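Trainee: Structure for the following, please:
(chains A, B, C, D, E and F)
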Protein chains: 6
Amino acid sequence: MSRLTRRIAGALAPTAVVHAHCDVPCGIYDPAGAALAARTVARMVELIGQIDPASTTVADRNKFARCVAVKEQHAELVKHEVQVIWSDYFKPEHLAANPELHTKVWNILKLASKNKQNIDAEAAAQLETAVKEFSDIFWSTKK
Amino acid sequence: MSRLTRRIAGALAPTAVVHAHCDVPCGIYDPAGAALAARTVARMVELIGQIDPASTTVADRNKFARCVAVKEQHAELVKHEVQVIWSDYFKPEHLAANPELHTKVWNILKLASKNKQNIDAEAAAQLETAVKEFSDIFWSTKK
Amino acid sequence: MSRLTRRIAGALAPTAVVHAHCDVPCGIYDPAGAALAARTVARMVELIGQIDPASTTVADRNKFARCVAVKEQHAELVKHEVQVIWSDYFKPEHLAANPELHTKVWNILKLASKNKQNIDAEAAAQLETAVKEFSDIFWSTKK
Amino acid sequence: MSRLTRRIAGALAPTAVVHAHCDVPCGIYDPAGAALAARTVARMVELIGQIDPASTTVADRNKFARCVAVKEQHAELVKHEVQVIWSDYFKPEHLAANPELHTKVWNILKLASKNKQNIDAEAAAQLETAVKEFSDIFWSTKK
Amino acid sequence: MSRLTRRIAGALAPTAVVHAHCDVPCGIYDPAGAALAARTVARMVELIGQIDPASTTVADRNKFARCVAVKEQHAELVKHEVQVIWSDYFKPEHLAANPELHTKVWNILKLASKNKQNIDAEAAAQLETAVKEFSDIFWSTKK
Amino acid sequence: MSRLTRRIAGALAPTAVVHAHCDVPCGIYDPAGAALAARTVARMVELIGQIDPASTTVADRNKFARCVAVKEQHAELVKHEVQVIWSDYFKPEHLAANPELHTKVWNILKLASKNKQNIDAEAAAQLETAVKEFSDIFWSTKK
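Mentor: Model prediction:
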């Protein structure tokens, strides 16, 4: 695997729950945080799927509880990261070039909530796709 | 600027203060968070340097206070992100290949504290370099 | 002053920095939190205006620092509270009745950032007005 | 439903977990935050009661886990909001007029803990009643 | 210095801002957290006193800002730690033995707020004394 | 029980989740926070062990969920408290006297993660022992 691929793969690896606090403004933004969070949501749905739902062992119940908590945090993180870039980075000229921007953001946020409220691999995949699309719009403004 | 360069530049753009909460383990880690935080620390030192230190206007004092707070958060973030990858990702075989690992991590943490306690462009640059080195060690384990 | 007036006045009194965590959904929302936060931002600008900007007494500098911090937290709170109601409460039928909804939300978020970055009584007043307008739209959907 | 009734109903709708950070002092307080939190605790107990306790579907277990977490946060919120108003707003002259104040606050805090430790609709109702009483005392000081 | 003295001295050393989250109940409490926080408030007042208030160097302003922030956090910590022990540990039989308990707690909370709002070595010393008294009451219940 | 014994017993009682925020530096540190957190982890494992794993009553499931959450927070707390003392307090001369320091810290962090991922009384006991050893090293530097 090339360094670039690893870098991209690594960029899909959230190690943390992220809360934007900059707004100085520092002038630099990256949708990687939102992509990482969406990846974690999907990963948690995956891990939960591997646990026997009827299991009553403490180990399995401990794992289930922890995965639900991490899924919650990262779905919230997607909402927050996307909102920060949408409100702090995007300017009217970007909206003019991407008139569907607000609608797409609104839908990502609703999709993140759906992923909190459900354990649904398809909804998680849709979230990753929607965040990817948002990221593409972001990068298109840098050309 | 190529997409890759922008991606890397973007990856150096922290939008958030990051706190690792995963530890499930989700199995994926990325030192980009620490690099982003170190970049923000340097950026804050830069912005502070542009403020006339003797200014008593509320605008300048508001900006100074905000930059100090963001610098603090991101220096703390470097400490946390590096510690998480060090303790959760690196295994004994990695340490065998990089016997200076613990020392380097210890020094990054001390350098982050130094950046909280001072407004020092050189210390901020050293922090970015040290985090880059840590990141290189991380990626070398993926080969 | 009647009980109702006091209630409304009291509702304009934020005691806290609020972070939405519900999303269960509990099915109940209130823009009072955002209004409270906007009121606090304005109140902080007011208090800062009462401090002699050239003062170097520790008491005044302590007060200035604390007011800036509270202003920051509550401006962030406005952003978060508005985003939560926008994404979690408003449905497509509400958007159809209020086609400017997304634009107004976007502008409130940008105005909140402006209030973090500045100490500006007019910007603080605009924020309160914008949040009031958002609140009116919210309540109009309940008719 | 009149605007006033909706307003009151809306005021019983917590969108967030609230942490008091003001203490500047900003001079304005409102027990609505505590009332909102108590309402959410009761709402969570209600939602949990609608889940089949023996269900092992991931959807039900996900919902249960999320409701318990929100109940915890909001019970903690009641404790914090009440303590802040009790310590920061009430003055000795208010205590003279309400000699049972300290006892009532102590009991609200213990009742909130009871609601964390149990899923008990009656305890949740008692918490709402106790917070309402505290709110009435607060407003009586404004006459 | 004997091990015991060092232990006590060390116990007066707060390394952190503490937020009670247990309430399980785990059945164990310690006022050392509140004592540590009060010690930090006093320490911050001490450090601020060593900075030339008229200094406009970035180093001094950075230090001042950081000390004010830490003082704020630890004064809030005193409030929270004391409230938790008061509401979660103390029982009616303890109150019977210490009828001034509620009053003393109320006064500690007000004193902590005073320490946020001021940089006052005497107020900081009073806070440590009041917390020590509260701690003595706590330990008297264990006899 | 002597006052000293009670003091030590009390020192093993974590009332809170602790996040180090000092780094001023205030110059004072105490591993008691880490010991308290490790004690809570063990206590949670103990409490979970008292719940019938097959129980589907809401009371038992509520208790289980809460204990898992507290265990998570306190295991994270052990990691953070130990890292702070390791990076902020220990100096090169201490390392020279305790050449295994880095290794021991690394292992404590890994053991804390193990305690999050499992409900294991033996792992919890090992964590307390490892933190005790770290504490002994800390105090040996004060002689």
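Trainee: What residues of the longest helix seen in chain A count as buried?
Mentor: Scanning chain A for the helix with the most residues, using DSSP state H, yields helix A:58-88. By 16 or more other CB atoms under 10 Å in any protein chain shown, the buried positions in helix A:58-88 come out as A:58, A:60-88. In this view, the C-beta of every residue, glycine as well, is placed from N, C-alpha and C.
Trainee: and chain B, which of these reach it?
Mentor: A:K63, A:R66, A:C67, A:V70, A:Q73, A:E81, A:V84, A:I85 (CB under 8 Å from any CB of the partner chain).
Trainee: For chain A, what lies in contact range of chain E?
Mentor: Residues of chain A lying near chain E (CB under 8 Å from any CB): none found.
Trainee: Can you tell me which residue sits nearest the middle of chain A?
Mentor: With distances taken as CA atoms, centre = their mean, A:A38 lies nearest the centre of chain A, 2.8 Å away.
Trainee: ok, it - contacts?
Mentor: Residues near A:A38 by CB atoms under 8 Å, 6 or more residues apart in numbering or on different chains: A:H74, A:V78, A:A124, A:L127, A:E128, A:V131.
Trainee: Return the item of these having minimum pLDDT.
Mentor: Across the set of these, A:H74 stands lowest in pLDDT, at 93.
Trainee: That one is in contact with A:V45, isn't it?
Mentor: No: taking contacts as CB atoms under 8 Å, A:H74 lies outside contact range of A:V45: 10.6 Å.
Trainee: all strands for chain A, in order.
Mentor: A:17-19 (DSSP state E).
Trainee: Okay, now the unreliable bits of chain A?
Mentor: Regions of chain A meeting the criterion pLDDT under 70 cover residues A:1-21.
Trainee: So which bits of it are right by chain F?
Mentor: Counting by CB under 8 Å from any CB, chain A sits next to chain F at A:T56, A:T57, A:V58, A:A59, A:R61, A:N62, A:K63, A:A65, A:R66, A:A69.
Trainee: re earlier: can you tell me which of the contacts of A:A38 lies closest to B:P92?
Mentor: A:H74 (29.4 Å; CB to CB).
Trainee: can stretch A:133-143 be found next to chain C?
Mentor: No: if you take CB under 8 Å from any CB as the test, stretch A:133-143 misses chain C, and the best it gets is 13.8 Å.
Trainee: ok, so what distance separates A:F90 from A:L109?
Mentor: To A:L109, A:F90 is 15 Å away according to CB to CB, to the nearest Å.
Trainee: nope, A:Y29 is what I was after
Mentor: Distance of A:Y29 to A:L109, computed by CB to CB: 17 Å.
Trainee: likewise A:S55?
Mentor: 33 Å.
Trainee: For those two, indicate the residue with more neighbours.
Mentor: A:L109 (23 against 14; other CB atoms under 10 Å in any protein chain shown).
Trainee: show me the residues around the residue nearest to the more buried one when sequence neighbours are not counted that make contact.
Mentor: Spatial nearest neighbour of A:L109, excluding adjacent residues (CB to CB, 6 or more residues apart in numbering or on different chains): C:S87 at 3.5 Å. Listed by CB under 8 Å, 6+ apart, the contact partners of C:S87 are A:K79, A:W106, A:L109, A:K110, A:S113.
Trainee: One more: A:K104?
Mentor: A:A130, A:E133, A:F134, A:I137.
Trainee: distance of the closest residue to A:M44 other than its chain neighbours from chain C?
Mentor: Spatial nearest neighbour of A:M44, chain neighbours left out: A:K71 (3.9 Å); criterion: CB to CB, 6+ apart. Using CB to the nearest CB, to the nearest Å, we find A:K71 at a distance of 12 Å from chain C.
Trainee: Wait, A:K71 touches A:K116, no?
Mentor: Yes: using CB under 8 Å, A:K71 is in contact with A:K116, at 7.0 Å.
Trainee: how about the helices of chain A, start to end?
Mentor: A:3-11, A:32-49, A:58-88, A:92-97, A:101-117, A:121-140.
Trainee: Adding distance to D:N98, write those helices out as CSV.
Mentor: Formatted as CSV, these follow (distance: least, CB to CB, whole Å):
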stretch, distance to D:N98
helix A:3-11, 58
helix A:32-49, 48
helix A:58-88, 40
helix A:92-97, 54
helix A:101-117, 42
helix A:121-140, 51
